[in-house]
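1. Give me a 3D structure for the following:
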Amino acid sequence: MMSALRHLPLSTIGLFVFACLIMPAGGLVYADDSPQIALSRMSHSFRELDYHGTFSFQRGSSTESFRIAHSVIDGEEFERLEYLDGEKREIVRRGHHLNCIHPGHKLLRFYQQQQAQLGSSANAGVGSFYEFAVNGTGRVAGREVVNLQIIPKDTHRFEHHLSLDKETGLLLRTELIGPGKTVLERFQFVEITIGEPLAGEQFVDAGASYQAYHTEPSVTANVAGNTVGDGWTVQWMPTGFTSTVANVKFVTGDIATFTDGLTVFSVFLESDVDLNLVQRGLEGRAQKGATTAYTRLLVLADRPHRITVVGEIPAQTAQQIAQSVRLVSSR
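-> Residues are numbered from 1 along each chain as shown. Down below sits the predicted model:
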């Protein structure tokens with residue numbers, strides 16, 4: 001499912017990144033389990049189980065439907081994601097070993113690699129910024145679930161509601177909650193079959209749309225105020241966010257990605273910008289569901305730049321981050 005979620009907003013991916021910071025566990029999920037135990041089971045079930053079904057994804061007033069099939073065959077993951085609305089599209093991922101990097105697992109693999117270094121401090125760190133609670137049981141897609149709440153302790157993060165399959169720990173529904181308890185995004189299985197083996201032939205690429213990419217590690221930082229790219233810095237961000245090793249360099253600039261283990265946002269710095277636009281002092285924001293994009297045009301080291309912050313964070317937070325970007329050497 002993780003690669004499928006690459007085509008969804010980062011907030012959903014962030015749930016799995018966070019789950020990989022929790023000590024491994026397996027088996028049934030009970031209403032009296034701790035949230036950490038439940039999330040641990042989730043982190044393994046979505047990669048290790050065979051399942052297929054349909055789910056919906058709602059972002060604001062827009063809703064899309066998908067069909068997914070996922071299987072592990074001889075230690076390798078196979079997955080097919082089909083868009084059920086609009087133009088016919090599907091993505092097939094096949095034959096990727098559970099330990100390799102592929103699209104959609106970039107952040108996930110980073111945290112698995114860092115888990116040994118972070119140790120128990122990772123769990124304690126995430127707990128410093130969120131409160132976790134088991135909120136009873138219910139049903140999703142005809143299956144019994146345990147409901148979890150992840151509540152931020154500041155105004156720079158959103159609240160998450162999760163429903164985990166009671167038998168397997170598989171994530172069956174998530175809701176991302178904004179101010180006034182507004183549901184900004186909702187991911188939910190409509191029907192699902194778990195544990196039924198799938199043949200490799202079901203993952204043959206029949207003209208599916210699939211795009212692979214590779215990233216090289218760049219200079220990274222553990223806290224705001226240090227270099228995170230080729231001579232630039234983010235001087236302010238909410239406490240607890242860390243730069244990943246998967247920062248990407250492209251022709252006209254850099255991309256740096258930050259996460260606290262649950263919430264993810266990226267900062268884009270571009271230098272190929274029209275000076276006339278910068279001189280007009282243009283900046284703006286856009287929001288769809290929980291995804292905020294804030295753009296600022298300015299001159300850094302006598303060169304025009306465009307700074308864009310994109311992520312599942314409040315608009316005011318994205319603006320503060322963008323306004324704190326500085327160069328530490330000429331580009």
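2. Return stretch 60-67 as CSV; C-alpha atoms alone will do.
-> Once non-C-alpha atoms are left out, stretch 60-67 reads as follows in CSV (Å, rounded to 0.1, in the frame of the first residue of the first chain):
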residue,chain,number,x,y,z
GLY,A,60,-12.2,18.7,0.6
SER,A,61,-15.2,18.4,-1.7
SER,A,62,-13.3,16.0,-4.1
THR,A,63,-13.6,12.2,-3.8
GLU,A,64,-11.8,9.5,-5.8
SER,A,65,-12.1,5.7,-5.8
PHE,A,66,-9.3,3.2,-6.2
ARG,A,67,-8.9,-0.6,-6.4
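3. Give the buried residues for it.
-> 66-67 (16 or more other Cβ atoms under 10 Å). (C-beta placed from N, C-alpha, C; glycine too.)
4. before we move on, what about stretch 132-149?
-> Going by neighbour count (16+ other Cβ under 10 Å), the buried part of stretch 132-149 is 132, 134, 140-141, 143, 145-149.
5. Can you lay out these as JSON lines showing distance to Glu175?
-> As requested, the buried residues of stretch 132-149 are exported to JSON lines (distance: Cβ to Cβ, whole Å):
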{"residue": "Phe132", "distance to Glu175": "15"}
{"residue": "Val134", "distance to Glu175": "16"}
{"residue": "Val140", "distance to Glu175": "11"}
{"residue": "Ala141", "distance to Glu175": "15"}
{"residue": "Arg143", "distance to Glu175": "17"}
{"residue": "Val145", "distance to Glu175": "13"}
{"residue": "Val146", "distance to Glu175": "15"}
{"residue": "Asn147", "distance to Glu175": "10"}
{"residue": "Leu148", "distance to Glu175": "11"}
{"residue": "Gln149", "distance to Glu175": "10"}
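6. Now for those residues: which two are most distant?
-> The distance between the two most remote of those (Cβ to Cβ) is 23.7 Å, for Phe132 and Ala141.
7. Break this structure into its domains for me.
-> Following automatic domain parsing, the chain resolves into domains at 2-203, 232-327.
8. hmm, back to that, now, which of the buried residues of stretch 132-149 sits nearest Phe258?
-> Among the buried residues of stretch 132-149, and counting by Cβ to Cβ, the member closest to Phe258 is Phe132, at 21.4 Å.
9. Direction included, what does the one helix or strand the closest one maps to pair against?
-> Secondary-structure assignment from DSSP states H and E places Phe132 in strand 130-140. Each strand pairing with strand 130-140, determined using DSSP bridges, is listed with its direction: strand 143-152 (antiparallel).
10. following the strand it pairs with, which helix or strand comes up?
-> Toward the C-terminus, strand 143-152 is succeeded by strand 159-165 as the next helix or strand (DSSP H and E).
11. Within its sheet, name the partner strands of the next helix or strand after that following strand and how each one runs.
-> Reading on from strand 159-165 to the C-terminus, the next helix or strand found by DSSP H and E is strand 171-177. When pairs are called by DSSP bridges, strand 171-177 turns out to pair with strand 159-165 (antiparallel), strand 183-194 (antiparallel).
12. now strand 171-177: mean pLDDT?
-> Taken as a whole, strand 171-177 has a mean pLDDT of 93.
13. With stretch 232-246 instead?
-> The average of the pLDDT scores along stretch 232-246 is 85.
14. same question, stretch 129-143
-> Mean pLDDT, computed over stretch 129-143, is 93.
15. follow-up on the earlier one: how about the strands paired with strand 171-177 in TSV, adding mean pLDDT?
-> Formatted as TSV, the entries for those read as follows, by pLDDT from 0 to 100:
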stretch	mean pLDDT
strand 159-165	93
strand 183-194	95
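16. which one of the ones you listed is the most hemmed in?
-> Each of the strands paired with strand 171-177 was scored by mean neighbour count; the highest is strand 159-165, a mean of 23, by mean count of other Cβ atoms under 10 Å.
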